[in-house]
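Asks: no sequence on hand, only this structure:
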């Protein structure tokens, strides 16, 4: 038993791995993470960019697909789907053992569709058609245009990981879309599983930069506190929205709560404890998807204790104090959403460019 096992058994939080690489699947590293207590996997365009442009693990399949005359874009999706399917098979025992709560692997729709409702919904439904496994999470960005796509895909009976959430206000829209999708679905609800990925460290990165610019002692004293408070208020909203008559009617039909998933939980400021965004956000019915360094840091120095809602008045006070020194948190989250979408688009475009260069070299251009 590891501290990751304790995190789930005692803290009620599922530890997921925020990375996926073919050489890990083939070489045993991924199985080693599962043995240590990991119960889910997330991927994103940046993760695939790093995986597919390093080493030769993808070369054989890539050359075969290009040799068949497949486009570079089609080839990428085949490479990604192969990885996802293999990971899904490895996580299926976890999915079965937890009654469909954990054991998920996430694959994101084309990030270029982030502001296209119909395109996002169609792409998500197509991925669920191509990978017809119950423990697949298709990732849909929580943009204004993504929210109605989330409702459509949930209503169709599929599992969704809502990504790129920064704002508590937008998170409430996402929860409502999930509930509306469940209400619209005319079949069983027990296998429709969703998580809402609330990004953490990037909030501190931007807020701290603004606090440094303000420079007063009151402002500087708030550094490193905004992201955790923001996420803790998201958990407070989760507790509120998944209670009461509307939720109880869905729960009676077998519905599962849409768990908050803490993402971007590796600390970017070297002065902060490496497990900061794990230790402070532990609570039942949550997920924390972590890069390897954060998982190692938590196992080495983390503490399993319910913290996400241990001091909600303190979290509210922190947000109020940020506003008092001039931090507009809503403006911060709007900026971060736009930057997050742009970063994933850039990673996806750069990945396709690198694969195109590799295809050109194969064809002797």
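Replies: In hand now; what should we look at? Treat the numbers as computed from the prediction; the structure is a model and nothing was measured.
Asks: and the helix or strand bottoming out on mean pLDDT in the chain, what other elements does it pack with?
Replies: Every helix and strand of the chain was ranked by mean pLDDT, DSSP states H and E. The lowest is helix 45-52, at a mean of 89. On a contact count with 3 or more C-beta pairs under 8 Å, 6 or more residues apart in numbering; DSSP states H and E, helix 45-52 meets helix 72-97, helix 329-362. All C-beta atoms are positioned from the backbone trio N, CA, C, and that covers glycine.
Asks: which of the ones you listed has the lowest average pLDDT?
Replies: Ranked on mean pLDDT, the bottom entry among these is helix 329-362, at a mean of 93.
Asks: redo the helices and strands packed on helix 45-52 as TSV? Include mean neighbour count and distance to residue 303.
Replies: Formatted as TSV, the helices and strands packed on helix 45-52 follow (neighbours: other C-beta atoms under 10 Å; distance: least, C-beta to C-beta, whole Å):
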stretch	mean neighbour count	distance to residue 303
helix 72-97	18	25
helix 329-362	17	27
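Asks: residue 282: which of those is closest?
Replies: helix 72-97 (19.9 Å; C-beta to C-beta).
Asks: helix 329-362 and the least confident helix or strand of the chain, what's the angle between them?
Replies: 30 degrees (axes from the mean of the first three to the mean of the last three C-alpha atoms, to 10 degrees).
Asks: just to revisit the earlier point, export the helices and strands packed on helix 45-52 to JSON lines and append columns for distance to residue 275.
Replies: Supplementary listing: the helices and strands packed on helix 45-52 in JSON lines, determined by distance: least, C-beta to C-beta, whole Å:
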{"stretch": "helix 72-97", "distance to residue 275": "23"}
{"stretch": "helix 329-362", "distance to residue 275": "22"}
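Asks: how about the secondary structure of residue 268?
Replies: coil (DSSP: H, G, I helix; E, B strand; the rest coil).
Asks: phi, psi for residue 70 please.
Replies: Backbone dihedrals for residue 70, given as degrees, to the nearest 10, come out at phi -70, psi 150.
Asks: and the nearest residue to it once chain neighbours are set aside, how far from residue 58?
Replies: Setting aside the residues directly before and after it, residue 70 is nearest to residue 78 in space (C-beta to C-beta, 6 or more residues apart in numbering), at 7.2 Å. Remark: distance between residue 78 and residue 58 (C-beta to C-beta, to the nearest Å) = 10 Å.
Asks: same check on residue 142?
Replies: In terms of C-beta to C-beta, residue 142 sits 30 Å off from residue 58.
Asks: do residue 322 as well
Replies: 44 Å.
Asks: more neighbours: these two, which one.
Replies: More neighbours surround residue 58 than the other of residue 322 and residue 58, with 25 against 22 (other C-beta atoms under 10 Å).
Asks: for the more buried one, what are its contacts?
Replies: Contact analysis of residue 58 by C-beta atoms under 8 Å, 6 or more residues apart in numbering lists 22, 51-52, 79.
Asks: and the residues you listed, which two are furthest apart?
Replies: Between all members of these, the farthest pair (by C-beta to C-beta) comes out as 51 and 79, at 9.2 Å.
Asks: any idea how far the residue nearest to residue 63 when sequence neighbours are not counted is from residue 45?
Replies: In this structure, residue 63 finds its nearest non-sequential neighbour in residue 362, 5.9 Å apart by C-beta to C-beta, 6+ apart. Note on residue 362: its distance to residue 45, by C-beta to C-beta, is 23 Å.
Asks: likewise residue 277?
Replies: From residue 277 to residue 45 the distance is 22 Å (C-beta to C-beta).
Asks: with residue 326 instead?
Replies: 34 Å.
Asks: higher neighbour count, these two?
Replies: Remark: of residue 326 and residue 45, residue 45 carries more neighbours, 25 against 13, as counted by other C-beta under 10 Å.
Asks: so who does that one touch?
Replies: 108, 111, 344-345, 347-348, 351.
Asks: all strands of the stretch 1-150 of the chain, in order?
Replies: Counting by DSSP state E, counting those that start in this stretch, the stretch 1-150 of the chain has strands at residues 13-17, 40-41, 104-108, 136-141.
Asks: contacts for the longest one?
Replies: Contacts made with strand 136-141 from outside it, assessed by C-beta under 8 Å, 6+ apart, are listed as 42, 44, 84, 88, 104-109, 111, 114, 120, 124, 127-128, 146, 149-150, 153, 158-164, 193-195, 197, 340-341, 344.
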